[in-house]
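J.: predicted structure and sequence below. I'll ask about it afterward.
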Amino acid sequence: MDWRRKMAAEPVFLRDDVVAGFLSYDELIPRLEEILGKFSRSDNTDVVQPVRSVIPLHQHNGFMGLMPAYIAYEDLLCTKTVAFYRRNENLHLPSTQATVFLFNPACGNVIAVMDGADITFKRTAAVSAISAKLLMPAQAEILCILGCGHQAVSHYEIFTKIFSFKEVRVCSRRLETAERFAARVQGPVKVFSSAKEAVHGADIIITVTNSSQPVLFGEWVKPGAHIAAVGACRPDWRELDDALMRDAVIYVDSRHGAAVEAGDIIQTGVEVFAELGEVLVGTRPALRNKTTVFKSLGMGIQDAVAAKLVFDKWKSSQ
């Protein structure tokens, strides 16, 4: 029995610990760079990805999103369901929960179901790191992370893995949350109770908050800094103020996605300069000498290539 028939009969389920064991940044980053570049090519016929559809769950202060993608050159069909909530921190529950489905595109049957937490955290952090690799100032010595949840951990892991910083700073709405983060990660971290003080002089700033109001202000930001803005994935949410958005050069993962979901862009009416994929394929420049913002929303194609990497490695281990 070939593996397609076998998986049609018995879809495999991979728990998050299994997924994490097969998903490494070293293998993930080049795959993400390739797919982002293909997505942004003007002659793209290889990648089909609609903008994420979202259902509000007002009764539970949350949202359910669906993120399908088809990558023709790999014959890869995938979708992710992601639920994200505005939770009270005292609940100690994850704000985001996700499940990834891989399909046999010839028949439409499910061949694998994966816990999507590690995929979501790692592919998001990896794309932020790609943005920094392209856009951060040549001399980047200070990293600042605003927000100290799961996404902050994955961003800390990859940024300290592939870049060298003299200082890493963190700040959260609650000081004890930042202190727990510092105790959890491997490496020296400076904890700040004030976002303004944490940001002062930072070369790279990552915002991974669940805030719907600005937490980072242009007057605080060092000219020429690079900002990876990961939170605020709804049109009425934002993390960055008007001054910062107006003065920075704006990069996104998807123009269409940003036009529908990115409150930081929608509410200020600023122009998107480029998709990250356009920089990767050389059709738009990386303006390292400017203050740059990469507004990340996440894409189904990112989940798809990560899930395929996990599934292929799982198959080879059987």
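T.: Done, it's in. Since the structure is predicted, the reported quantities are computational estimates derived from the model, not experimental observations. Residues are numbered from 1 along each chain as shown.

J.: show me this protein divided up by domain.
T.: 3-119+301-317, 121-298 (automatic domain parsing).

J.: hey, least reliable of those by pLDDT?
T.: Among the domains of the chain, domain 3-119+301-317 carries the lowest mean pLDDT, a mean of 91.

J.: can you pull up the bridge partners for Phe13?
T.: Going by DSSP bridges, Phe13 is paired in beta bridges with Val113.

J.: ok, back up a step: how about TSV for the domains of the chain, with mean neighbour count added?
T.: Yep, even glycine has a C-beta here, placed from its N, CA and C like the rest. Listed next are the domains of the chain as TSV, based on neighbours: other C-beta atoms under 10 Å:
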stretch	mean neighbour count
domain 3-119+301-317	17
domain 121-298	20
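
J.: CA atoms of the helix or strand in which Thr177 is found as PDB?
T.: Taking DSSP states H and E as the definition, one finds Thr177 inside helix 175-184. What follows is helix 175-184, C-alpha atoms only, in PDB (Å, rounded to 0.1, in the frame of the first residue of the first chain):
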ATOM      1  CA  LEU A 175       6.700  43.400  35.800                       C
ATOM      2  CA  GLU A 176       6.300  39.900  37.100                       C
ATOM      3  CA  THR A 177       5.500  38.600  33.600                       C
ATOM      4  CA  ALA A 178       8.800  40.000  32.300                       C
ATOM      5  CA  GLU A 179      10.700  38.600  35.300                       C
ATOM      6  CA  ARG A 180       9.200  35.100  34.600                       C
ATOM      7  CA  PHE A 181      10.300  35.400  31.000                       C
ATOM      8  CA  ALA A 182      13.800  36.300  32.000                       C
ATOM      9  CA  ALA A 183      14.000  33.300  34.300                       C
ATOM     10  CA  ARG A 184      12.700  31.000  31.500                       C
END
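
J.: which helix or strand lies directly C-terminal to it?
T.: strand 190-192.

J.: and that following strand, what does it pack onto?
T.: strand 167-171, helix 175-184 (3 or more C-beta pairs under 8 Å, 6 or more residues apart in numbering; DSSP states H and E).

J.: C-terminal to that strand, what's the next element?
T.: helix 195-199.

J.: how far off centre is the helix or strand following that following helix?
T.: Downstream of helix 195-199, the first helix or strand assigned by DSSP H and E is strand 204-207. Averaging C-alpha positions (C-alpha atoms, centre = their mean, to the nearest Å) puts strand 204-207 13 Å from its chain's average.

J.: residues in contact with strand 204-207?
T.: Defining contact as C-beta atoms under 8 Å, 6 or more residues apart in numbering, one finds that strand 204-207 is touched by 128, 132, 136, 140, 142-147, 152, 155, 159, 163, 199, 215-216, 221, 225-232, 239-240.
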